[in-house]
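In: sequence unavailable; structure follows:
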């Protein structure tokens, strides 16, 4: 992102010169110093301006961060190009000699420069663990996606990230089909079948009661986890017991000197992993790439952010 900002400054006729890096403030990177900047940035002649980059982050810039910046930064006028919004309701006082450009304002300026032909956009190189789903596969009834449990707009707004760009994606997961038995306390058995989702991103396995709740997948970019993130069939058998074991009410009758007494007991029926038959197929978890300085994956079910 720093290279893009430097290109943008060059287009705006801002001549950067080096500025000592030892003057940097935690959370802010010095891009350089300019003897002057365009009038639409600062409409008065205030002399040299120190230009900063605030990299992307999960949380907005708070008033206390700005206060710390004014204490730690060198004297002079400052122009901050930020990938983080200011905390809602906070405004920088003019007396602090700081011009703050939000992610939205930077994006608008970059977009206008691209449209004008002054700045060129290019696709980021494809990473090894990414692939694009084919047209035939995406519309196949065998390729399904879990329903999202997250409203992206609300999630971004609550964290002061509304200005960041996001891209919808699919996170690869597995749907396991298990046929087997549960065994009662007296050795009796009952045949059962289960549908289990394996989510390697959150290291979680879950039971799906109604497979019809899965929805058809959209044609989106797919992100695959590391191979080491998947469970083997044997590992899944070991882990799934806690989900599939059940407790059932059972009526017992005892005789005593006053007659018979009935009581209700909870009896444990256990998953028999020894004779279970298992198969799996690919499904997807909905998600988004959040374009911070380093791209992160937002999980569409648990709302957590992961590196990839």
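Out: Now that the structure is in, tell me what you want to look at. This structure is a prediction, so every number in the text was calculated from the model and none was measured. Numbers count the residues shown, from 1 in each chain.
In: and residue 237, how many neighbours does it have?
Out: Using other C-beta atoms under 10 Å, residue 237 has 19 other residues around it. (C-beta placed from N, C-alpha, C; glycine too.)
In: per-residue confidence for residue 250?
Out: On pLDDT, residue 250 comes in at 68.
In: partners of the closest residue to residue 24 other than its chain neighbours in the sheet?
Out: Counting by C-beta to C-beta, 6 or more residues apart in numbering, residue 30 is the residue found nearest to residue 24 once chain neighbours are left out, at 5.3 Å. For residue 30, the beta-bridge partners are residue 52 (DSSP bridges).
In: which residues touch residue 30?
Out: With contact set as C-beta atoms under 8 Å, 6 or more residues apart in numbering, residue 30 has these partners: 19, 20, 21, 23, 24, 50, 51, 52, 53.
In: quick one, which of the residues you listed are buried?
Out: Buried positions within the contacts of residue 30, assessed by neighbour count (16 or more other C-beta atoms under 10 Å), are 19, 50, 51, 52, 53.
In: backbone dihedrals for the second one, please?
Out: When you say that, I think you mean residue 50. With angles defined as degrees, to the nearest 10, residue 50 sits at phi -90, psi 130.
In: the stretch 151-300 of the chain: strands as residue ranges?
Out: Secondary structure of the stretch 151-300 of the chain by DSSP state E, counting those that start in this stretch: the strands cover 166-183, 189-199, 204-207, 215-216, 221-223, 246-256, 259-290, 296-299.
In: lowest-confidence stretch among the ones you listed?
Out: strand 246-256 (a mean of 69).
In: residues touching residue 153, list them.
Out: By C-beta under 8 Å, 6+ apart, the neighbours of residue 153 are residue 162.
In: where's it relative to residue 159, distance?
Out: Applying C-beta to C-beta, to the nearest Å, the value for residue 153 to residue 159 is 11 Å.
In: quick one on the thing from earlier: tabulate the buried ones among the contacts of residue 30 (CSV), appending distance to residue 224.
Out: CSV is the format used below for those (distance: C-beta to C-beta, whole Å):
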residue, distance to residue 224
19, 42
50, 43
51, 39
52, 37
53, 32
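In: can you name the two of those that sit furthest apart?
Out: The distance between the two most remote of the buried ones among the contacts of residue 30 (C-beta to C-beta) is 12.2 Å, for 19 and 53.
In: ok so, going back, out of the strands of the stretch 151-300 of the chain, the one nearest residue 98 is which?
Out: The closest approach between residue 98 and any of the strands of the stretch 151-300 of the chain, judged by C-beta to C-beta, belongs to strand 259-290 at 26.2 Å.
In: show me what contacts the closest residue to residue 31 other than its chain neighbours?
Out: Using C-beta to C-beta, 6+ apart and skipping the chain neighbours, the partner closest in space to residue 31 is residue 51 (4.6 Å). Shown in contact with residue 51 (C-beta under 8 Å, 6+ apart): 9, 14, 16, 30, 31, 32, 33, 34, 37, 78, 79, 81.
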